[in-house]
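Novice: Sequence and predicted structure, then a few things I'm wondering about:
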Amino acid sequence: MPRSLFPLAAPEVRAELERDPTVKLLNDYDWSSNPLGQIPDWLESLKGAVRLMMVASTPMVMMVGPQAILIYNDAYGVFAGQRHPEIFGMPALEAWPEIADFNRQNVERGLTGESWTLNDQELLLNRHGAPETSWMDLHYSPIMGDDGYSMGTLCIVHETTARILAEKALARSEERLTLALSSSALVGTWDWDTINNVVTADDQFANLYNVDSQIAGLGAPIEQYLLAVEHEDLPRVNDDLQRSFSTGADFRSEYRVVAPDGTRRWVVASGRPRFNAEGQVYRFPGVAIDITEQRRAAEALAKSELEFRTLADTMPQMIWATQPDGYHDYYNARWYEFTGMQPGTTDGEGWNDMFHPDDQEEAWKRWRHSLETGEPYQIEYRLRHHSGEYRWTLGRALPIVDNNGRILRWIGTCTDIHESRKAAEERELVAQELSHRIKNIFAVLTGIVSLSARGRPDIKPFADQLRQRIFALGEAHDFVRPQTYLSESSKGHGTLSALVARLLRPYEGEDGSSRIRYAGDDTIIDDAAATPLALLFHELATNAAKYGALQGPDGWVDLTGRRDGDDFHLTWKERGGPVTSAPAQLSGFGSRLIELSVTGQMRGQIERLWEDDGLKVELTLPLASLMRSSRLQVEKTEDA
């Protein structure tokens, strides 16, 4: 008897059947070494069941006998992947070792005659060279023998992996969409069946339009949704819908929706009509975005902008603003009134053409420096007036920065200082003339003293001292007198160290080195303080030249300044001179002049210490006595 599942089939019929590769595999398989034995020895019930399975298009597999020998059809061979055909005729537990425990249970249940189904069973199978998770519906039934007992288990396999993965992907997509919707201003989505006038929408969209979520899920007429639209906005919404229907263009409309409690929220709704073959709109899907906060911010910004422009246009100063890179994009009304230019013509770099040609380079230089460093911008330049005249203006600008220090904008002003500048220049000319005349008076006084002493040799020492004191006063005056407009000296003050260097130049060494060395803190002094300080240092230096450290070529003086709260301390320490000793009394005119300068005019204190290595003078001067501005502030406080 041939070893065929179809022993009575004619040769041509058998050849036709064996066109199925798995049928041929079964017929050609060497069953002599298999626990099932030769095919002719199989029970007729088994052969009949196998025949039925082999011609089926659904993946089917038998696990026959206690060893669970695998016999399957061609569809299951495709399911088995690279395991086929090696596993054909093998015990199931060896063929699929990764699911041996799973198959053992199923074999045992099948041999007891039980039938059962597993839906979307998840299994980790190695079908293509690597383990992969698969899902399938498994339908198990016993293979009944001639004696009424089960001789194995038949499994019908319906793989659901593609569907499960698609569902999982859809679930992830829906989850991401839900998260995106919840973290954005998107209210929800709708889908309008325009032929049947049924709008289905998600819960968020339904809640915004005061429609029950269950009704929205099943679908409701669009008129039920439009009831929530603000009455004043409804005609515009209808017009936008009609325009989209008639032209096929995308729908977009901004309007307000009113909640049952009267709360109004701004919405942007957008959608796109879908046309069928007849050119009729049959679907209209879309989304809605809540723009209430953006709308409020825009309104607040518009209000703030209006208030800023109103304030800026009513100010007497010219106000301008630039972008972070310095591009000028705003000028107030005063600017255009002053320059006579048309609005917008000085935007960008056009502003530089308004400066006097001699001032343009410096203006650009300082502006670029401010842009690069973020430092405030300040400069005086001549700006062209609408009359054609160039007028002096003070330009200033400050950066507006965010919390990270990044510049957002520059806000600047231009102030017309032409008249005050002219007045200052006139005052400067008067001050220069007055200073010149005062210097002449000093020269005349010096001449008078010299002439008076010429016939009186006995008063020559006194005359020499008087000339030196007059010279010191002249030096002090010349130190703080106005020089040129906007120069540091024109402000009527200088530094204490500079005054000392100016007054005591005659005491420099033969090699030009300074014998009076200033160190420590420095301070600003004005013209009122310069006079008593000049007399003070002149007398100290004169005494040092006569009796102290400056008497010989090797001596010097250390002058040290120290700021201490509201006071300024000066220490005059002579070094390298003869040994000193305290005089019986200080009754000379020079000593009285020092006392008058320190305690009288500057309300300070003085202490003299005759140390072995040289005289030491400690001076304590109120800072208020060194600067007019500080002095006036103190007097104002005392008056109050």
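Specialist: Looks like it came in fine. What you are looking at is a predicted structure, and each value in this text was computed from that prediction instead of being measured.
Novice: domains of the protein?
Specialist: Segmentation of the chain into domains, based on automatic domain parsing, reads 11-165, 184-296, 315-416, 418-490, 492-640.
Novice: With respect to Ser4, which of those domains lies nearest?
Specialist: The stretch from those with the least distance to Ser4 (Cβ to Cβ) is domain 11-165; that distance is 5.0 Å. Glycine gets a C-beta too; all of them are placed from N, C-alpha and C.
Novice: And the closest one, end to end?
Specialist: The first and last residues of domain 11-165 sit 46 Å apart, counting by Cα to Cα, to the nearest Å.
Novice: Following the longest strand along the chain in sequence, what is the next regular element?
Specialist: Using DSSP state E to define each element, the chain has its longest strand at strand 131-144. Of the helices and strands lying after strand 131-144 in sequence (DSSP states H and E), the nearest is strand 150-159.
Novice: pLDDT on that next one, on average?
Specialist: Averaged over strand 150-159, pLDDT sits at 96.
Novice: Buried residues of it, list them for me.
Specialist: By neighbour count, with 16 or more other Cβ atoms under 10 Å as the criterion, the buried positions of strand 150-159 are Ser150, Met151, Gly152, Thr153, Leu154, Cys155, Ile156, Val157.
Novice: who's the third one bridged to?
Specialist: Translated: Gly152. Beta-bridge pairing for Gly152 (DSSP bridges): Val64.
Novice: And the most centrally placed residue in the chain, how close does it get to Arg51?
Specialist: A centroid search over the chain (Cα atoms, centre = their mean) returns Asn404, at 5.8 Å, as the residue closest to the centre. When distances are taken as Cβ to Cβ, to the nearest Å, Asn404 and Arg51 turn out to be 81 Å apart.
Novice: just checking, the residue nearest to the centre of the chain is part of a helix?
Specialist: No. Judged by DSSP: H, G, I helix; E, B strand; the rest coil, Asn404 forms no part of a helix; its state is coil.
Novice: Return the per-residue confidence for it.
Specialist: Note on Asn404: pLDDT of 87.
Novice: Same question for Asp30.
Specialist: Asp30 is assigned 91 on the pLDDT scale.
Novice: Same question for Ile87.
Specialist: In this prediction Ile87 is given a pLDDT of 96.
Novice: list the contacts for it?
Specialist: Residues near Ile87 by Cβ atoms under 8 Å, 6 or more residues apart in numbering: Leu70, Ala80, Ala95, Trp96.
Novice: Make a markdown table out of those and add distance to Met602 and pLDDT.
Specialist: As requested, the contacts of Ile87 are exported to a markdown table (distance: Cβ to Cβ, whole Å; pLDDT from 0 to 100):
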| residue | distance to Met602 | pLDDT |
| --- | --- | --- |
| Leu70 | 117 | 97 |
| Ala80 | 110 | 95 |
| Ala95 | 112 | 96 |
| Trp96 | 108 | 96 |
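Novice: Apply the buried test to these and list what passes.
Specialist: Once neighbours are counted (16+ other Cβ under 10 Å), the buried part of these comes down to Leu70, Ala80, Ala95, Trp96.
Novice: tell me which element the closest residue to the last one other than its chain neighbours is part of?
Specialist: Using Cβ to Cβ, 6 or more residues apart in numbering and skipping residues adjacent in sequence, the residue nearest Trp96 is Asn103, 6.0 Å away. Secondary structure here is read from DSSP H and E; on that basis Asn103 sits in helix 100-111.
Novice: Now do the helix or strand just after that helix and strand 131-144, the angle between them.
Specialist: For helix 100-111, the following helix or strand on the C-terminal side (DSSP H and E) is strand 116-126. Using axes from the mean of the first three to the mean of the last three Cα atoms, to 10 degrees, the inter-axis angle of strand 116-126 relative to strand 131-144 is 140 degrees.
Novice: Report the angle between strand 116-126 and helix 100-111.
Specialist: Taking the same axes, to 10 degrees, one finds strand 116-126 and helix 100-111 inclined to each other by 150 degrees.
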